[in-house]
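this one's sequence-less:
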Ligand SMILES: NC(=O)c1ccc[n+]([C@@H]2O[C@H](COP(=O)([O-])OP(=O)(O)OC[C@H]3O[C@@H](n4cnc5c(N)ncnc54)[C@H](O)[C@@H]3O)[C@@H](O)[C@H]2O)c1
């Protein structure tokens, strides 16, 4: 059977660990040429279909540098996965302005800038896929997630506006909404037995998701099969959010 993403070029930010790494590995396994970007060069198979890049997505030159690297390595850019993200917890009573700005710089501002640089390449091909990492917190509030929750709501609004503006170029935009997934980001929360028990109990499937559980839906959304799917948020939560 043909590989789902054969001939496509994908950029995945935050590909050095967790969900981004799983998406980069899955897209690569499905035939894509992948530019994997993280603060430090990701440890991924360095073959002719995988290029590795150390870049802070908030750097002034990040959008141009990432797009240039994709063009240099693979001749274009078809799929952009804006996955790099940070969570600096805080309630309205203790979230500092500095931490709020840091969260928005990575989770929102960098998305805008990198997407803006990537769109012309997709437009040129009349085909593109933009996948942004939202969260269950794109729909709900959570304890001490003031900046993070606001940033993930911004991801939802941003993605819907992309879908509306870019659909006629053959470009779709969707956002993934994982619940708690085992990664470095969630580890400090998972260390709290109450938090873990809550998510294990809430998800009818009875376990907490792995990064690969997010990579599967990402693959579908990046594929030709999802050409009529745009502007949507996808909850990836083992049914947790279906439970009252
Ligand atoms: N793990 C979860 O439970 C969960 C749930 C919902 C949404 N998400 C979202 O999924 C995405 C991936 O998170 P994860 O859980 O895999 O976390 P993670 O910490 O394992 O991975 C995030 C990656 O992004 C990179 N990164 C952070 N800041 C960066 C920057 N400025 N420039 C370049 N790379 C940077 C990190 O180095 C890291 O490798 C995030 O957007 C996160 O908000 C995660």
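Alright, I've got the coordinates. Just so we're clear, the structure is a prediction, and the values are computed from it rather than from any experiment.

Just name whatever secondary elements the longest helix out of those in the chain is in contact with.
Ranked by number of residues, the top helix in the chain under DSSP state H is helix 146-166. With contacts defined as 3 or more CB pairs under 8 Å, 6 or more residues apart in numbering; DSSP states H and E, helix 146-166 has these neighbours: helix 97-104, helix 110-125, strand 128-133, strand 171-178. Every residue, glycine included, has its C-beta placed from N, CA and C.

can I get the ones you listed in CSV with mean pLDDT and distance to residue 67?
Supplementary listing: the helices and strands packed on helix 146-166 in CSV, determined by pLDDT from 0 to 100; distance: least, CB to CB, whole Å:
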stretch, mean pLDDT, distance to residue 67
helix 97-104, 98, 22
helix 110-125, 98, 5
strand 128-133, 99, 13
strand 171-178, 99, 15
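
Present the ones you listed as a markdown table; the columns should include distance to the ligand and mean neighbour count.
What follows is the helices and strands packed on helix 146-166, written out as a markdown table (distance: least, CB to the nearest ligand atom, whole Å; neighbours: other CB atoms under 10 Å):
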| stretch | distance to the ligand | mean neighbour count |
| --- | --- | --- |
| helix 97-104 | 9 | 15 |
| helix 110-125 | 7 | 18 |
| strand 128-133 | 4 | 26 |
| strand 171-178 | 4 | 25 |
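
Please dump these into a markdown table; it should also carry distance to residue 192 for every row.
Shown next, in a markdown table, are the helices and strands packed on helix 146-166 (distance: least, CB to CB, whole Å):
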| stretch | distance to residue 192 |
| --- | --- |
| helix 97-104 | 20 |
| helix 110-125 | 29 |
| strand 128-133 | 23 |
| strand 171-178 | 18 |
